[in-house]
Structure formats: structure tokens, C-alpha cells
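Chemist: Give me a model of this one.
(3 chains)
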Amino acid sequence: MLFWIIAALLTLAASLAVIVPLASPRRRAVGERDHDIEVYKDQLKELERDAARGLIGAAEAEEARAEIGRRILKIASRDDGTKEALRKRSLVPVIATGAVLAVPLVSWGLYAAIGSPALPAQPLSARLGADPAKSSIEELVARAESHLASNPEDGRGWDVLAPVYLRTGRFADSVAAYRSSIRLEGETPARLSGLGEAIAGAAGGIVTAEARAAFAKAAELDTKDPKARFYLATADAQEGKLEDAATAWRKMLQDLPAESPWRGAARDAIAEAERRIAVARGEAQPGPTQDQIDAAAAMSDTDRAAMINSMVEGLDAKLRQNPQDPEGWIRLVRSYAALGRTDEAKDALGRGLQALDGSSEDGKRLLSLAASLGLALAQ
Amino acid sequence: MIVEAGHFALVLAFALALVQSVVPLAGARIGEMRLMAVGGPVALAGFALVGIAFAALTATYIQSDFSVANVWENSHSLKPMLYKVTGTWGNHEGSMLLWVLILTFFGALVAAFGRNLPATLRANVLAVQGWIGAAFLMFILTTSNPFARLDPAPFEGRDLNPILQDIGLAIHPPLLYLGYVGFSVCFSFAVAALIDGRVDAAWARWVRPWTLAAWMFLTGGIAMGSYWAYYELGWGGFWFWDPVENASFMPWLAGTALLHSAIVMEKRSALKIWTVLLAILTFSLSLLGTFLVRSGVLTSVHAFATDPTRGVFILAILVVFIGGSLSLFAWRAGSLTAGGIFHPISREGALVLNNLFLTTATATVLVGTLYPLVLEAVTGDKISVGAPFFNLTFGPLMLPLLVLIPFGPLLAWKRGDVYAAAQRLMAAFGGALLAMLVTWLVVDRVTVFAALGVGLAAWMVLGALTDLAQKSALGTAPLGVSMRRLAGLPRSVFGTALAHMGVGLTTLGIAATLAFQSEHITVMKPGDVADIDGRSLRFEGVAPVRGPNYTETRAQFVFAKDGRTLGEISSAKRLYTARQMPTTEAGILTLGLSQLYVSLGDATSNGGMVVRVWWKPLVTLIWLGGLVMMIGAAVSLTDRRLRVGAPSRKARTAVAAASQ
Amino acid sequence: MTRKQKRLSVIAAGLAFLGAATGLTFYALGQKASFFYMPTELQATTLQPGQRIRLGGLVEAGTVKRGEGTQVSFSVTDSEKSVPVTYVGILPDLFREGQGVITEGTMRPDGVFAADTVLAKHDENYMPKEVADSLKEKGVWQDQPAKSGS
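Modeler: Residues are numbered from 1 along each chain as shown, chains lettered A, B, ... in the order given. As a prediction, the model looks like this:
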């Protein structure tokens, strides 16, 4: 409402700027020549000053005086343009009316086309001060960030923010936040393994030496920390030590309480490790059903490739439609990897993680699959 | 609410610009005072509305309102407040809004202080200003609207390009635009006069303050931009002949020519056609500069606009305004009468020569700037035209001009005596020779260039002083008398002397820097000492520093001579975190008029750092000279002859009686 | 001097100026403008010894050798051919492997390009225009949408 009042007032003021001069009583025109003559008279005065000061010689001054005099005479003999004034008088009301109407019509018409009057201004400070219960995660993060920007030594703030960053995929920020919370609040298994996960996330799912060190420290502080154990095993798997990794995961599975969210991830990881061990030994690869294989065997090579590709692409398209399908993502990533289409596999991995939320149960399974396939997340 | 109020004000300003384009012009044609009178209030209201729009945009920047696309693209909530404000014009949309703000500002000035102008001339000038304003407001509203919104609004902005986060950049564009756009008033006067078909000596007097003001601001803008490039880009150079620099330099050269030819027109009523053409060309070059920078046809630091529709739109504005005004000129030029005659050796002759040099130099810069673009469009060959080209073309044109400058003010109008002038300049010539000899013998025995450059600079400065000495009869009259005479001289004489002296100082700075600067590139470890022309630079060490929106590695140096500390310098490698963009922050230590410039390179494998050090003698004179030129223009602006008022009542009745 | 003579002398002086300036400009364009080449084009061209040129392309990954001191060597490539470059001085802030770069200097007889100027892009989304155009022709580089902020 306030906006419309301001708009109306501005329009009124602008219209007045047009109307007032049009409506004021006719002023007598100052002759055009008077302004010129004023300048030349000033030039004469200046000339006299210069001559009096001796800046120009007497003869020179005389010549200049004559020249300015000629200019004044020429002006005086010129027609003052008053005769012209009588032409086309009838156009005046038309132009005046048009001008007065143009201001509101053009402005309101154009603004209606390009403005967004309904959209309120959203200064950051007001948005940060809004009721937390109604805020989105993004807003809460922004609030925490602005708080921490002014109080960078608030370790508990970093502690809260770090896992949020991790969950929203802002790995680099998460690493920095975990480091700050560890620096200010001390090392705990949760913070260390969180740091490791963030580093691994930033490296596209690869458990780097740095991440591994963090996990190792966490495992040292708490031998039962499931995250640290899981990732340490993943690191082994990524280095090709599949047997060691599988053993570690199996041991972890035994220790985990029945309701632990890590059980599923560990089971998947074991299955994947076993499959890869089998592949390495040259055993059969789990793949399409026997029927499909038979059908494929009966086809020519190109047909077969086309069939496989169409199956994979069909799955891909389905997942674009309905991304909430963890099993589907796992199959898609695995298929692309098996076809050697690494880039697409990475792309599918990225999309899947986005759809499933990287830190959910399913997301972890997908990540560990990717890790075991040696895929790095596309940046 | 603020955002949309600003947006609405901008749209309303466009509507008023349309009214301003048509109504006063129609009034002048018909001879109706009331229509003509609309121009003034509308110009003032238009300025107020664009001002509201600009203030609203600034407020959204200060409040980090990321629902405005422009703020989101160019700001960040953690950016220091100063750069939030300056970020308003540190981007394409905002800078175009600033352009129009300044345009309407000059229109408002004409409306407010144009009482001494004949009514039809004033109405026509305001109408032409209205055309330019309407065209650029249309451009902003259709292709570069700074008030475009985002819904839902993001929570964090993308930050301003770090090299634009600098105090120099806060001042440089407004100054430059005040100059660029100031010439629009000269253009409007020229077009208005052509519409009227009447150009005379009085016209030149009326245009003069606008030319002076625009020239003053443009001088400042260019000097500021040059200093910014010098310290912010970390390359240690002050002028790169970059097309964007040329874009601002060409209007300056043409504007300088205009400034001088208008004097002839005012005094002698000669060179009328030429002066009007120069006024049109100067603003055309400003428009060309705007086009080159804003369309993205050039690749440069400044070319953040790459949307082709923008380029086409500005090109259309360019074609309409330049083509239209030149056609009008061709049509009307024949009807202008010739003015006073003069001998080739006279003040007029000297000013004509000045114009020949300056316009030819402008043409060479124009060719050097546009030729690569044309060649690429025609043949597809890509070439770059850089300093070597300009040194060979612009240099030979400028040097004789600089040598001749001191003669000009000493020659009389109509018929001058060059021998007498030369005699009066003997002292200055002697001084210049002495400076040359001293330079050659004492400072540098190798390069003749250095001695010549210093000599030329001394010649110009002493020549300007000679003019003042002559006019106050210093040495021929008793000291008291000549002091009184000096104080009584018109301000414009001081203005001329100061501006010419400024050119001399800039020349001295350039000559000294080019001839005597020394450059050292070394690898230094903490504790190392480098020898810089007999002085020592010790590398103290590096430390990480955290700024508001960046982190940096800062290296500390101590500059000393014979164990006596001359000063401390810190130079840094900075990383702006939002854009992950590294920059080099050069360390500069000013000692007198000279500077030590330290720039950091990469760390080497053995723990050292590559350090590039320049010793630049008298380098600050390059920009101080520009400042002196600005002061000269400002002094000239206060000259009493530029304050001719409106005709008084008495004069009016007298002439009115005479004409009836 | 009559008005006519005066006008003629001004016009004559103007023409003389213009003539001189035109001559200078053409001479300078022939001598001092430096042509821009990509590595592949460079192979197909014969240069006069000491002729200044600009060489543009991408900094080939794995070729940047920062010497012990201030000398740097790297290769500029357009994905077909590459040219070794040496440079003494400080590289621009945004000089990175795989990024667009323009170097200016002369070709040495041994086939190494001795650069005295190295220009890299100025910001994250900026690619030297000449380099971008040539790479686009070769299909190596595509316009990427601006990186969205987080």
C-alpha cells in the first residue's frame, strides 16, 4: 500500500513539473538579442580592463573595440524572431495536453509491464531477524554465518554449523567449520570423523590421507565410532585392499547395535567388496537376468550394445522423473561404470546424491558404492 | 518497497525525459514561452527522480537485499560497508544508472544556471539533453535494469570483482563520467545552435564553463584511473594504451582542442564551424567510449558487459546521435557566417596549430583503437596494437605541440610577433638547457632521451611562468607594482599557466620514470637484503592476515639507506574467498615525489619468494601534473567573465523600445 | 593576407598534417602492430627474426616449471600443437594450468618463445577473447554458464 502512495505522490510531483509552467501566466519574452548584447558589453568591459592594465597595446585595443562594436551593430540589425512566434499557435494546446497526459500514462503503463510491485524489499538483516520457526534451513545457515562472522571464536556455533554444511554438500565450508570447532572446543570422535567425512566429500568421496588421519584419530579416541570405522575400511577398499576392508566391515557389523543406521551401509559395502573380489578372481559378474543375457547373446554386437544402452538410458530417464529411488541410483551408477561410461557414472552419482541427500542412509550406500567403484564425485 | 519505489522513479524519469525532448523544442519552433518554460522544471524533476532511483539502489546494496538481481551478482553480506556503497556503480547496470544520473545532473544545472541564455537556446539545449536522457533511460530499462528482481531471493551474494574493491575505483568512475557526460552539454549547445541556425561569439562564451568543467573532471578521471591501474594491477605501469583507456583519452584530446578553439571563437568570432564540429565530435567520442566499454566488443578489465543486445542497443544510440548531429551539421554549416581574419602567426594561429596537432593525435589514437576491431571483422586476422604503435604515431605529434605550448599565450591576437615572443622566452629556454645539461652530466650520461625529456618539461613549466611574469611586468616594473599587477590579472590567465604547467609536470614524471626507473626481480628469503640503486630492501618475513572477505599472505619489507630506515612496506598476495580469486596487492612507499613499488610473485621451492621491485623516480608527478591541470581549470572557471548575468530590466526595456 | 589566402593556408597545413599522420599511422601499423597467433597457426607462418607477436592458448597442464629463481617456463597449447615459452618475472595472479593465457614477445631461433609479457584472465569467468574465439573454432572450449554462488 505504501508503495502505491509513494508512486502516486511521485507521479503527482512529476506532473506538476509539467503543468505549472504551462499554466503560469504568460511571461514577456526577453528579446533574444539582449543576451548576446550583454555578453558583448562584458567583452568591452574586459577589454577596457586589459587595456588599462597594459596587457594589450592601444592600437590593438582600438581594433578589438571596433570589432566588438561591429558585433553589437550586427545583432541590433538582426530580426529578433518575434514574427515567427505567430505561426502554428493552434498546436500549443495539443502539445500541452499531450505532455500532461504522457507523464502518468507512460510511467504507469511501462511500470505495469516491467515492475514487480507486489515483491517486498528483503534486506538481509530483516530476513535474519525473522522468526526461526518459520525460517528455511538456508535462512538459519545464513543467520548462523552472520553471527559467526562477528563472533568467530564461538566454537559451539561452528559445532552446530559444521554438520549442516556437510549435509547440504558445502564440503569446503564444512571442513573449515569442523577445524574451527576442533580448535576452539577440542577434539572429539564426532568432530574428527565429521572432519574426515567433510574432507572426503570435498575430494569427491575419496578418503584422502588427510581424511584418513582424522578418522584414525577419531577411532583412537573411540574404538567404536562407526563413522570412523566405516571410512577407514572404505579407505582400504579404495586402495585395493578389498579383503581387509571386507573384514573390517564384517567386524563392524558384529559390534553395531541392531538399530544402528550404519548396518545397511556396512552390509552394502560388504556385498560390493565381495562382488569385486569375485570379479578380480574372474568369477561371473552379477548383471542382467538370464533371459536378457540369452536375448542379448542372440543379437549382433551393435544390437546388443543398443539394447544395453537403451535399458540404461531408460533407467536414467525414469530416475530424472522420479529421483527418490535409491536402488535405481545404485543400479544406474553401477551400469554406467560397467559400460565404461565413467563421466556419466559420475554425473549419475552426483544427481543421486543430490536427490537422496548425501548423509542419509541411502546416500551413504551410494557413496560407498561409488568409492568401491573408484569413482570420484564430479566437482 | 524501497526497491520498487526506485524502479518506479526511474520509469517516471523516462516519461519526463520524453516530455523534455519534445515540448521545449516545439515551444522554441512555435515561439511559445510557456512550452519553452517546461524544459527547466522537467529537467530538475528528472534529475530528482533519477537521484531517488540511484539512492534506492544504493540502499539495497547497503542492506544486502539479494532479492535484487544486481545486488546478488555484485555484492556480499560480508563486504566492507564502503565497498557495498561503491559496488552500486561497480557493475554494468549501476554504472549506466550513474551515467544517466550525471547526465540529468548537467541538465538540471543548465536549467538552474541557464538564466543568462536566450530562451530558445536554453529550450533547445534542454531538449537535446532530453533526447540523450530518454535514449539512455530506454537502454537501462530494456536491457540493463538494475532493479530486476529475484524471487525467491538467494541468501548470499556473489561478491564484487575483487580488483574493483578499491577506493580508487570508488572515485574514478564518477569523475570520469562527470567528464564524459559533461561534454554532452557542449554537444547539446552545438546541436541547439545548429537547429537555430545561429552561432556567434556569445555562444562560445556560454559554452565555455561547461567545456571547462567537463574537461576538468575528465582530466581527474583519467589521472585517477591511471593511478588505480598502477597500484592495483601490480604491474607497475601507469598507461597501457588499453582500448578502454583510449576510450577516455580520445574525448580528452578532442575536448582539449575544443577548449582552445572556443577561445578563438569567443574572442574573434572565428573558427565557428570548426568549434561546433569539435563539440559534436568530442561527445561522439564519449559515446563511442561508452559503446566500446559497455558493449563488450573489447576484452578488458572493464568489459564486464557481454550481452549482445546491449551492444546493439548502444550502437543504435551511437549511430542515431552521431549520424544525426553530423547530418544536421552538414545541412546547416553553410549558413554560418565566417568570422574575423587573422595572420597565421598570431594567438589565433597558435590555437589553430594546437587544434591541428590535437585532432590529428585523436585520429591516430582512434585508428589504433578501432583498426584491430575492423581488421578482425573484415579479414579475421587478429592483431594487437600496443605501446610501440602509439609511441611511433602519437609521440611525434605530441612532442612538437609540447615544444610550442609556451609560445601560444605570449603571441598577440590577430598579428603576433614570434621573435618578440622568443626573446621573452630566452630565460625559460636557458633554464631548460641548464636542466638538460645537469641531467646529462650529473644524473645520466647514457641516454639523450632522459636529458631531452627533462629539458622539455622544464621548458614548459618555465614557459608558463614566463607568461605570468610578462603579464605582471616582473623585472621591468618595481616589484610592488608587478605584484599588484599579478594579483589583478584575470583568473583565466592563471588557469592557462597552471594547466600548461601541469602538462609540463606530467611530462617530467613520464620522462623521469621511463628514463631512470630501475627494476629488480629477485628471489628473497626472510632476512635477505636486495640492493636497490644504493639503498637496501630487507625482507622481514611473511604472515597470514585475515580480512573481512579475503585472506592474504602479507610480506614485510624495510627500505633503508646506510642503516637509516627510510620506510616500511608491506606487499600481499590476497585471496577473495567468495570468488576464489587471487589478487596482488602491491606495496608502495612514497619518498618525496618518487616511489618504491614492491610486488610479490610465487613462492619458490626453496622457501623464498619471487619479489619484483621498481624504483620510480618522480613518478607521482605524472598524476600531480593532472591535479595541477584540474586546479588550472577550476581557477579558470571562477573567472569573472564567465559570470555574465541575464540581461537587466533596464537593458531589456531599452532594446525592446529600440526594436519597436 | 586575404581571407581566401588565409583559409587556403589553414587547409594546406591541415592536409599536410593529415598526410603526415596517415603516413606515420600506416607505417606504424605495418611495423609495430603485433599479430596474434595460436600454436597451430604459428607453425604455418614464417616470422621475420625479432618480429614481435602475441601467442595465445591454454597453459598446458604439467608443463609449468618454476625455476629456482625468477625464470618460468611453460607450454602454450591449442590442443593440437604446443609451443614452449620462457618468461622472467612475476606471473599474473590468475595464471594456472589449463587456463587461457596470452604471451607477447619474440620467437627464438631454437623454437622457444621468449615472452616479455604474460597476460592471464582477470576474473573467474573471463577468457582472453582471442583465445576463446580460436578455441571455439576448434571445439575445445565452450562457454560455461557462470558459476552460481552458494
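Chemist: Near chain B, which residues of the stretch 101-250 of chain A are found?
Modeler: Within the stretch 101-250 of chain A, the residues that sit near chain B (Cβ under 8 Å from any Cβ of the partner chain) are A:102-107, A:110-111, A:114-117, A:119-125, A:127, A:138-139, A:141-142, A:145-146, A:149. Where C-beta positions appear, they are placed from N, C-alpha and C, glycine not excepted.
Chemist: out of those, which are buried?
Modeler: The neighbour-count test (16 or more other Cβ atoms under 10 Å in any protein chain shown) marks A:102-104, A:106-107, A:110-111, A:115, A:119, A:121-124, A:127, A:141-142, A:145-146 as buried among these.
Chemist: From what I see, C:Asp93 and B:Ala586 are in contact.
Modeler: No. With contact defined as Cβ atoms under 8 Å, C:Asp93 does not reach B:Ala586; the gap is 11.5 Å.
Chemist: can you list the weak-confidence ranges in chain C?
Modeler: Flagging of chain C using pLDDT under 70 yields the residue ranges C:1-3, C:6, C:67-69, C:94, C:121-150.
Chemist: Check chain B too.
Modeler: B:163, B:234, B:295-308, B:337-339, B:444-446, B:578-580, B:644-660.
Chemist: does the nearest residue to B:Pro409 once chain neighbours are set aside count as helix, strand or coil?
Modeler: Nearest in space to B:Pro409, with sequence neighbours left out and distances taken as Cβ to Cβ, 6 or more residues apart in numbering or on different chains, is B:Asp467 at 4.5 Å. Counting by DSSP: H, G, I helix; E, B strand; the rest coil, the backbone at B:Asp467 sits in helix.
Chemist: what residues does chain A put near chain C?
Modeler: So far as Cβ under 8 Å from any Cβ goes, chain A lies against chain C at A:Arg170.
Chemist: what about the residue in the stretch 551-660 of chain B that chain C sits nearest to, how many residues close to it?
Modeler: Relative to chain C, the nearest point of the stretch 551-660 of chain B is B:Gly601 (3.6 Å; Cβ to the nearest Cβ). Other residues lying near B:Gly601 total 22 when counted by other Cβ atoms under 10 Å in any protein chain shown.
Chemist: Which residue is the nearest non-sequential neighbour of it?
Modeler: B:Val610 (3.1 Å).
Chemist: any idea which element that neighbour lies in?
Modeler: strand B:609-616 (DSSP states H and E).
Chemist: just checking, what packs against the helix or strand following that strand?
Modeler: Counting by DSSP H and E, the next helix or strand C-terminal to strand B:609-616 is helix B:621-637. Counting contacts by 3 or more Cβ pairs under 8 Å, 6 or more residues apart in numbering or on different chains; DSSP states H and E, helix B:621-637 is packed against helix B:201-232, helix B:491-516.
Chemist: of all these, which lies closest to A:Arg33?
Modeler: helix B:201-232 (9.9 Å; Cβ to Cβ).
Chemist: The closest one and chain A in contact?
Modeler: Yes. Judged by Cβ under 8 Å from any Cβ, helix B:201-232 and chain A are in contact via B:Ala201, B:Ala202, B:Arg205, B:Trp206.
Chemist: Does chain C have contacts with that helix?
Modeler: No. Applying Cβ under 8 Å from any Cβ, one finds helix B:201-232 separated from chain C by no less than 11.2 Å.
Chemist: I'd like the distance from the helix or strand just after that helix to the chain centre, please.
Modeler: Sequence-wise, the next helix or strand downstream of helix B:201-232 (DSSP H and E) is helix B:243-268. How far helix B:243-268 lies from its chain's middle: 11 Å, per Cα atoms, centre = their mean, to the nearest Å.
Chemist: just stretch B:55-75 next, same as before
Modeler: Worked out by Cα atoms, centre = their mean, stretch B:55-75 lies 28 Å from the chain centre.
Chemist: follow-up on the earlier one: what two of the residues of helix B:201-232 next to chain A are the furthest from one another?
Modeler: Between any two of the residues of helix B:201-232 next to chain A (Cβ to Cβ), the greatest distance is 10.1 Å, for B:Ala201 and B:Trp206.
Chemist: For these two, list the residues in contact with both.
Modeler: A:Val39 (Cβ atoms under 8 Å, 6 or more residues apart in numbering or on different chains).
Chemist: Quick one: residues contacting the residue most central in space within chain C.
Modeler: The residue lying closest to the centre of chain C (Cα atoms, centre = their mean) is C:Arg54, at 3.0 Å. Counting by Cβ under 8 Å, 6+ apart, C:Arg54 makes contact with B:Ser384, C:Ser34, C:Phe35, C:Phe36, C:Tyr37, C:Ile102, C:Thr103, C:Glu104, C:Glu130.
Chemist: how close does it get to chain A?
Modeler: Per Cβ to the nearest Cβ, to the nearest Å, C:Arg54 is found 32 Å from chain A.
Chemist: try B:Ser184
Modeler: B:Ser184 is 21 Å from chain A, by Cβ to the nearest Cβ.
Chemist: Now do that residue: how many residues are near it, please.
Modeler: There are 26 residues near B:Ser184, going by other Cβ under 10 Å.
Chemist: any idea which helix or strand carries A:Gly201?
Modeler: Per DSSP H and E: helix A:189-202 holds A:Gly201.
Chemist: just how off-centre is stretch A:114-126 within its chain?
Modeler: That offset, for stretch A:114-126, works out to 19 Å (Cα atoms, centre = their mean).
Chemist: How about the backbone phi and psi for B:Asp65?
Modeler: Torsion angles at B:Asp65 (phi, psi; degrees, to the nearest 10) stand at phi -90, psi 90.
Chemist: And the strands in the chain?
Modeler: Defaulting to chain A. Using DSSP state E, no strands are found in chain A.
Chemist: think we crossed wires, I meant chain C
Modeler: Going by DSSP E, chain C shows strands at C:34-37, C:52-59, C:65-66, C:71-77, C:82-88, C:100-107, C:113-120.
Chemist: Quick check: neighbours of the fourth one in the sheet, parallel or antiparallel?
Modeler: Right, the one you point to is strand C:71-77. strand C:52-59 (antiparallel), strand C:65-66 (antiparallel), strand C:82-88 (antiparallel) (DSSP bridges).
Chemist: okay, the angle between the longest one and strand C:100-107?
Modeler: Right, the one you point to is strand C:52-59. Comparing the axes of strand C:52-59 and strand C:100-107 via axes from the mean of the first three to the mean of the last three Cα atoms, to 10 degrees yields an angle of 140 degrees.
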